[in-house]
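S.K.: structure, please.
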Amino acid sequence: MGKKRRFAQVGSERIPLHEDAATVLYLTDENGDWPREPLNYLRADLDWIREGEVFELENLDPGSGDMGRIVTVAVIRVETRIQTHRGKYGQVIRRVLLQPVESGEALDRMTAAELRLRRGGTP
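M.R.: Have a look, this model is predicted:
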């Protein structure tokens, strides 16, 4: 059974609900590329996420065995897609590729350009 889309009815138009905006997080695979499956879906458009940014992910899954584990990640790539529907309404899907990085002093000394170079990108 497929995912059921939710819409609001305004007059004769069906409008996708705002919760259809998403930021989809991916951790790099063993080759440093996009993996087949995402790590997590966030039901909001986190438009502040930029390449080179560094933040922490905290595992809150009690069944994983890693609950409470915090991993520092760098944003390697951001791809944004706008999906349009009939009428004036659409939704945004932001895909974010993350790479785990060292924390502490080594990370403090790294610039955004150095983080991209580690991935094989351009500074």
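
S.K.: find the residue at the geometric middle of this structure.
M.R.: Leu25 (3.0 Å; C-alpha atoms, centre = their mean).

S.K.: that one sits in which helix or strand?
M.R.: strand 22-27 (DSSP states H and E).

S.K.: helices and strands around that strand, which ones?
M.R.: With contacts defined as 3 or more C-beta pairs under 8 Å, 6 or more residues apart in numbering; DSSP states H and E, strand 22-27 has these neighbours: strand 40-42, strand 90-100. Using the backbone N, CA and C atoms, a C-beta is placed for each residue, glycine as well.

S.K.: for these, which one sits closest to Glu13?
M.R.: Closest approach to Glu13 among those (C-beta to C-beta): strand 90-100, 12.3 Å.

S.K.: in space, what's closest to Asp45 - neighbours in sequence excluded?
M.R.: Ala21 (4.2 Å; C-beta to C-beta, 6 or more residues apart in numbering).
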